[in-house]
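Trainee: Attaching a predicted model along with its sequence, questions to come.
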Amino acid sequence: MLENNPFFILGLEPTATRHQVERQGQKLLAMLEVGFAEIEHYQTPLGPRRRTSEAVRQAMATLRDPDKRLLAELWAETPTPTQDCPAEMEGQDNNEHGSKQQSAVGGFAQAMAALGFR
């Protein structure tokens, strides 16, 4: 769910409205059709991924389903390496980096608890 998160594919925040999702999806599809190179990739916590028309269509379909959207929202809150760790720390196994990874896991657990999951 990290690589193919609909919010990452569409370049939207989890707070995006249904209208914003549809508008952004149509915009990306049009840009992919004419070959805009600057939108061919999107950022994920696992690094950049290639954006395709099929991926955009699938992302839009996923976000139309309330249950699938909720799951995508939870996963979209996972920090990307550039948000959470300085570039020079990526891939290093030190205590500070390990604690940042731990806080990301703790943040997910807190989000699940806030939604009533234990």
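Mentor: Good, I have the coordinates.
Trainee: drop to CA atoms for contacts and neighbour counts, all remaining ones
Mentor: Will do.
Trainee: Extract the residue ranges of this protein that are flagged as low pLDDT.
Mentor: 1, 78-118 (pLDDT under 70).
Trainee: tell me which residues in the host helix or strand of residue 20 are buried?
Mentor: Using DSSP states H and E, residue 20 falls within helix 18-34. In terms of neighbour count (16 or more other C-alpha atoms under 10 Å), helix 18-34 has its buried residues at 21-22, 24-26, 28-29, 31-32.
Trainee: Name the nearest of the residues you listed relative to residue 70.
Mentor: Set against residue 70, the nearest of those by C-alpha to C-alpha is residue 21 (14.2 Å).
Trainee: Turn the buried residues of helix 18-34 into TSV, columns for distance to residue 7.
Mentor: As requested, these are exported to TSV (distance: C-alpha to C-alpha, whole Å):
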residue	distance to residue 7
21	9
22	12
24	10
25	10
26	14
28	13
29	15
31	17
32	17
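Trainee: Widest-spaced pair of these?
Mentor: 21 and 32 (16.3 Å).
Trainee: circling back to that earlier point, who touches the helix or strand just after the helix holding residue 20?
Mentor: Sequence order places strand 41-44 as the next helix or strand after helix 18-34, per DSSP H and E. For strand 41-44, the external contacting residues (C-alpha atoms under 8 Å, 6 or more residues apart in numbering) are 2-3, 8-9, 11, 48-51, 80.
Trainee: so what secondary structure elements neighbour the helix holding residue 20?
Mentor: Packing partners of helix 18-34 (3 or more C-alpha pairs under 8 Å, 6 or more residues apart in numbering; DSSP states H and E): helix 6-10, helix 53-64.
Trainee: Point out the most buried one among these.
Mentor: Of all the helices and strands packed on helix 18-34, helix 6-10 has the most neighbours on average by mean count of other C-alpha atoms under 10 Å, namely a mean of 27.
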